[in-house]
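**Student:** could you look at this predicted model? Sequence included:
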Amino acid sequence: MALNDITRSAVLQAVEEYDRRGRDAFLEKYRFGPARRYVLMIDGKEYDSKAIVGAAHGHLPGLEPLGSDEFSGGKNHAAKLLGDLGFEVVARDAV
């Protein structure tokens, strides 16, 4: 398991799934809680950043989604990965 395996395309697939299922069903499926601090912003809509990264890992060929206990969602982990992939990540107190 490596967060740096996650691609922009896999993140976008996870976002599409999030939109299709709705927030509550998406979080329940992947067993994540709501984002505490960092959210992914796409077209003015916010997404739970850590849950998106965990799900995105499962959208990569041959890989499973990551559980919430397998990585951190903080600014040096999931939020940083999303930023490095060119996505806008915002601290919740600034949303």
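**Tutor:** Sure thing, it's come through.
**Student:** low-scoring stretches of this protein, by residue?
**Tutor:** Across the chain, the ranges flagged by pLDDT under 70 are 1, 94-95.
**Student:** try it again with 80
**Tutor:** 1-2, 73, 92-95 (pLDDT under 80).
**Student:** center of it - which residue?
**Tutor:** Centroid-nearest residue in the chain, with Cα atoms, centre = their mean: Ile52, separated by 2.0 Å.
**Student:** quick one: what helix or strand has it in it?
**Tutor:** If you go by DSSP states H and E, Ile52 is part of helix 49-58.
**Student:** same question for Val39.
**Tutor:** strand 38-42.
**Student:** coming back round to it: would you mark the buried spots in the helix or strand that the helix holding Ile52 is followed by?
**Tutor:** Beyond helix 49-58 on the C-terminal side, the first helix or strand identified by DSSP H and E is helix 78-84. Within helix 78-84, the residues that count as buried by 16 or more other Cβ atoms under 10 Å are 78-79, 81-82. Using the backbone N, CA and C atoms, a C-beta is placed for each residue, glycine as well.
**Student:** among those residues, which one lies nearest to Asp19?
**Tutor:** Relative to Asp19, the closest of the buried residues of helix 78-84 is Leu82; by Cβ to Cβ it sits at 16.5 Å.
**Student:** run the chain-centre distance for the strand holding Val39.
**Tutor:** Distance of strand 38-42 from its chain centroid, counting by Cα atoms, centre = their mean, to the nearest Å, is 9 Å.
**Student:** so what strands line up beside it?
**Tutor:** Neighbouring strands of strand 38-42 in its sheet, by DSSP bridges, are strand 45-48 (antiparallel), strand 88-91 (antiparallel).
**Student:** please identify which of those is closest to Leu66.
**Tutor:** The closest of the strands paired with strand 38-42 to Leu66 is strand 45-48. By Cβ to Cβ, the value is 13.5 Å.
**Student:** which residues sit against the closest one?
**Tutor:** For strand 45-48, the external contacting residues (Cβ atoms under 8 Å, 6 or more residues apart in numbering) are 15, 18, 23, 26-27, 32, 34-35, 39-41, 90, 95.
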